[in-house]
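Student: sequence unknown, structure follows:
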Ligand code: FES
């Protein structure tokens, strides 16, 4: 398969329900990754443009659901299912969804 322009690493880490740190899977990351995959394919972007992959913990747990976008090298955070169409629009147009990008303060919190 071709090397895509972008890879979206969606944190799929799941911690126990009583773990105070929480986890992206507990916040719905599996459904978000499935929706990204489906909408990337529906827009004809799956072959060359983008692929949504599962990731282990990206160490930004306080801002989950977290998605690392490479090779652009930034995080989307606090992603919900409702954000997926806008993220996929951004993949199609080459624009980032600025309101979802983690800030230096977010990154410092981890
Ligand atoms: S659990 Fe998702 S970033 Fe740590």
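Tutor: Arrived safely. A quick note: this is a predicted structure, and the numbers were derived from the prediction, not measured. Numbers count the residues shown, from 1 in each chain.

Student: which non-adjacent residue is nearest residue 51?
Tutor: The shortest distance from residue 51 to any non-neighbouring residue, by CB to CB, 6 or more residues apart in numbering, is to residue 4 (4.9 Å). Just so you know, the C-beta spots here come from the backbone N, C-alpha and C atoms, and that holds for glycine as well.

Student: and the chain, which residues reach the ligand?
Tutor: 11, 13, 23-24, 57-61, 64, 66 (CB under 6 Å from any ligand atom).

Student: among the residues you listed, which ones are in strands?
Tutor: Counting by DSSP state E, the part of the residues of the chain next to the ligand found in strands is residue 11.

Student: give me the buried subset of the residues of the chain next to the ligand.
Tutor: Among the residues of the chain next to the ligand, those buried by neighbour count (16 or more other CB atoms under 10 Å) are 11, 13, 23-24, 57-58, 60-61, 64, 66.

Student: which residues are contacting the lowest-mean-pLDDT helix or strand in the chain?
Tutor: Least confident helix or strand, the chain: helix 104-109 with a mean of 94, by mean pLDDT, DSSP states H and E. Counting contacts by CB atoms under 8 Å, 6 or more residues apart in numbering, the residues outside helix 104-109 that touch it are 60, 62-63, 75, 77.

Student: nearest the middle, which residue of the chain would you pick?
Tutor: Most central in the chain under CA atoms, centre = their mean is residue 67, positioned 2.5 Å from the mean C-alpha point.

Student: may I see the residues of the chain next to the ligand arranged in TSV, with distance to residue 82 as well?
Tutor: Listed next are the residues of the chain next to the ligand as TSV, based on distance: CB to CB, whole Å:
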residue	distance to residue 82
11	18
13	22
23	20
24	16
57	23
58	21
59	25
60	20
61	21
64	15
66	16
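
Student: looking at the residues of the chain next to the ligand, which gets the smallest pLDDT?
Tutor: pLDDT across these is lowest for residue 64, at 92.

Student: just give the closest residue to it, not the sequence neighbours.
Tutor: residue 24 (3.9 Å).

Student: correct me if wrong: that neighbour contacts residue 65.
Tutor: Yes. Between residue 24 and residue 65 there is a contact under CB atoms under 8 Å: 4.6 Å.
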